[in-house]
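Undergrad: structure of the sequence below:
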Amino acid sequence: MIKKIYIFIFLGILCWINITNTHAQLQEQKQNFSIGVSGGVNLGNVDFSPRIKQGYLVGPQMGFTARYISEKYFSMICGIQAEVNYSQRGWKEVIEDNSGDSYQRAMNYVEIPLMAHLAFGKEYGNGARFILNLGPQISFLLNEKETHAMPSIEKEQYGKAAENGFDYGLIGGGGMEIRTGIGHFLIEGRYYFGLSDFFNTKKKDYFSRSAHTYICGKITYLFDITK
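TA: So this is what the prediction gives:
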């Protein structure tokens with residue numbers, strides 16, 4: 001666990017370096033602040049040890065976005081992007097014992113990612129540019145719901161409530177930003193890798209790992225407050 005925390009901190013620092021460590025070499029400073037909303041779909045599963053065979057649990061993601069573009073470094077536009085999202089994750093089991101059983105668990109979180117934002121392409125006016133976002137994310141569990149076709153069948157994870165409601169990890173991805181006269185439209189894919197476990201993972205516990213992972217496709221609309 002200590003090693004995971006060190007990795008988490010180290011990668012987070014690397015993201016911040018893109019924003020804070022190039023002031024002596026700036027081509028041009030920016031002050032572009034934008035806010036907006038986003039919506040998308042998660043394809044979630046859980047990295048369990050011992051392993052549980054799974055498909056993807058499909059769930060919604062939606063929230064608010066704020067972005068600040070602070071500088072241009074050569075052809076790279078640099079800034080920071082923060083979000084507050086409602087996000088559904090969890091897992092859907094693949095059961096192949098011919099019993100007819102099925103099981104899935106939806107876990108609803110409030111997520112707060114804080115990411116370095118990089119963009120390449122047209123700077124002014126309407127047009128498109130390629131974007132990258134990468135950084136740490138923390139989340140808080142709101143609630144969870146199991147759907148089990150045969151409750152009489154028992155396994156370690158069935159009926160076991162999440163024991164840790166605080167989640168953290170790394171999120172990153174890329175996509176395209178379309179700039180128009182009415183605002184910015186962003187189409188993006190992301191991947192989240194959880195560094196924390198929602199079940200206890202001490203030596204006496206059954207699971208040694210229970211961390212979220214998910215793929216997300218989302219669309220964001222932003223409008224400028226300052227340019």
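
Undergrad: alpha carbons only for contacts and neighbour counts from here, please
TA: OK.

Undergrad: okay, now the unreliable bits of the protein?
TA: For the chain, the stretches with pLDDT under 70 are 1-30, 123-124.

Undergrad: ok, now with 50
TA: For the chain, applying pLDDT under 50 flags the ranges 22, 24.

Undergrad: all helices of this structure, in order?
TA: Assigned by DSSP state H, the chain shows helices spanning 2-20.

Undergrad: what segments of it are strands?
TA: In the chain, the strands defined using DSSP state E lie at 28-49, 54-55, 57-73, 76-93, 103-121, 127-148, 166-180, 183-194, 209-226.

Undergrad: redo those as a markdown table? Include mean neighbour count.
TA: Converted to a markdown table, the strands of the chain look like this (neighbours: other CA atoms under 10 Å):
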| stretch | mean neighbour count |
| --- | --- |
| strand 28-49 | 19 |
| strand 54-55 | 17 |
| strand 57-73 | 20 |
| strand 76-93 | 22 |
| strand 103-121 | 21 |
| strand 127-148 | 18 |
| strand 166-180 | 19 |
| strand 183-194 | 19 |
| strand 209-226 | 19 |
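
Undergrad: distance to residue 157 added to these, as JSON lines?
TA: Below are the strands of the chain laid out as JSON lines (distance: least, CA to CA, whole Å):
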{"stretch": "strand 28-49", "distance to residue 157": "10"}
{"stretch": "strand 54-55", "distance to residue 157": "13"}
{"stretch": "strand 57-73", "distance to residue 157": "16"}
{"stretch": "strand 76-93", "distance to residue 157": "11"}
{"stretch": "strand 103-121", "distance to residue 157": "10"}
{"stretch": "strand 127-148", "distance to residue 157": "10"}
{"stretch": "strand 166-180", "distance to residue 157": "18"}
{"stretch": "strand 183-194", "distance to residue 157": "19"}
{"stretch": "strand 209-226", "distance to residue 157": "10"}
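
Undergrad: which one of these lies nearest to residue 201?
TA: Smallest distance to residue 201 across these (CA to CA): 6.3 Å, for strand 209-226.

Undergrad: so that closest one versus strand 28-49, what angle?
TA: Orientation of strand 209-226 against strand 28-49 (axes from the mean of the first three to the mean of the last three CA atoms, to 10 degrees) gives an angle of 160 degrees.

Undergrad: packing partners of strand 209-226?
TA: Strand 209-226 is packed against strand 28-49, strand 57-73, strand 76-93, strand 183-194, with contacts defined by 3 or more CA pairs under 8 Å, 6 or more residues apart in numbering; DSSP states H and E.
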